[in-house]
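[1] What follows is a predicted protein model with its sequence.
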Amino acid sequence: MFHSVKAREGTSLVMVICISAFLAAFALAMVYGAGLMLSRSNRRLKQEQSYQLARSFAEVLEEELTTYDSYDAAPENSFYRYAVNFLEGQYGEYDPDYLDETIFHYTLGETPAGVDEAHYGTVRVALYKEAGAEAEEEMTGLVSPYADINDILTKPIQRYLFTVEVTSRTEKSSFHYRTEYRQTAVYEVRFTYGDRPVVYDGSAWHYDTASGTPCNFDGTEEIQYQYLTGRTHMKSCMFENAYLGEDGT
């Protein structure tokens with residue numbers, strides 16, 4: 001009898017120990033799970049901060065690009081003017097084999113006072129351009145001296161595909177917000193007949209200037225025209241959103 005009681009007590013003690021160990025393991029698992037969920041939640045929060053920061057900044061830049069249609073209409077230090085100078089300047093076109101030489105960075109200036117970059121994140125803006133497949137072919141052409149040239153004088157040319165990539169970083173999270181724009185511009189046009197420049201005064205062609213000697217055509221030759229590139233020859237420039245890409249890490 002005595003041994004039976006002792007055996008039962010021993011069995012009960014083992015069961016209590018096993019149950020206690022199970023509860024302890026379960027508690028640890030719950031704590032670990034809660035910690036893991038909290039970590040994931042914090043990571044998602046950081047990613048959301050990165051996304052919102054990049055998106056907001058990209059929207060501000062897009063508003064500047066699409067608000068103006070000419071260089072003179074935009075404020076002096078605007079992103080629109082920076083973009084026009086970038087596209088019309090001596091910057092190389094995008095080449096994936098030479099990223100450092102063909103991707104350029106827009107300087108945002110100093111962080112505003114009171115903004116904690118460790119919390120709100122940092123922003124970097126990269127720019128690159130790619131010429132349209134038919135852009136160069138459209139820059140020159142021939143026209144009859146008897147044709148209406150108004151379409152040539154006002155023709156918008158889609159010369160570049162302009163990419164703006166905003167990257168925001170908050171601690172270990174980052175987000176890339178890339179937008180492509182179709183740039184269309186109207187340029188001044190130079191006309192030549194033979195080896196001499198010619199100018200149309202609205203009713204007739206003249207050599208060199210609108211008040212120069214009238215041109216004599218034999219009815220078979222054509223006038224060559226060429227669009228003059230560069231910001232000073234640009235009459236207007238517009239940007240149209242063509243593509244949006246997002247990538248978070």
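    Structure's in. What do you need? Residues are numbered from 1 along each chain as shown.
[2] all strands in this structure, in order from the N-terminus.
    104-106, 122-131, 140-143, 157-170, 173-187, 189-193, 196-200, 205-207, 223-227, 234-248 (DSSP state E).
[3] I'd like the average pLDDT over the fifth one.
    Confidence over strand 173-187, taken as the mean pLDDT, stands at 89.
[4] How about the second one?
    Per-residue pLDDT over strand 122-131 has a mean of 87.
[5] With the fourth one instead?
    The average pLDDT within strand 157-170 is 88.
[6] For that strand, which strands pair with it and how are they oriented?
    strand 122-131 (antiparallel), strand 173-187 (antiparallel) (DSSP bridges).
[7] and the angle from it to strand 223-227?
    Counting by axes from the mean of the first three to the mean of the last three CA atoms, to 10 degrees, strand 157-170 points 10 degrees away from the direction of strand 223-227.
[8] so where is this structure shaky, pLDDT-wise?
    Applying pLDDT under 70 to the chain flags residues 1-50, 107-121, 133-134, 171-172, 220, 244-249.
[9] circling back to that earlier point, check the strands paired with strand 157-170 for me and report the most buried one.
    A comparison of the strands paired with strand 157-170 by mean neighbour count, using mean count of other CB atoms under 10 Å, puts strand 173-187 on top with a mean of 21. No exception for glycine: its C-beta is placed from N, CA and C like everyone else's.
[10] Hmm, residue 74 is touching residue 82, no?
    No - using CB atoms under 8 Å, residue 74 is not in contact with residue 82, being 9.5 Å away.
[11] where's residue 165 relative to residue 140, distance?
    Noted for residue 165: a distance of 33 Å to residue 140, by CB to CB, to the nearest Å.
[12] Comparing these two, which residue is more hemmed in?
    Here residue 165 and residue 140 are compared on neighbour count by other CB atoms under 10 Å; more neighbours surround residue 165, at 21 against 11.
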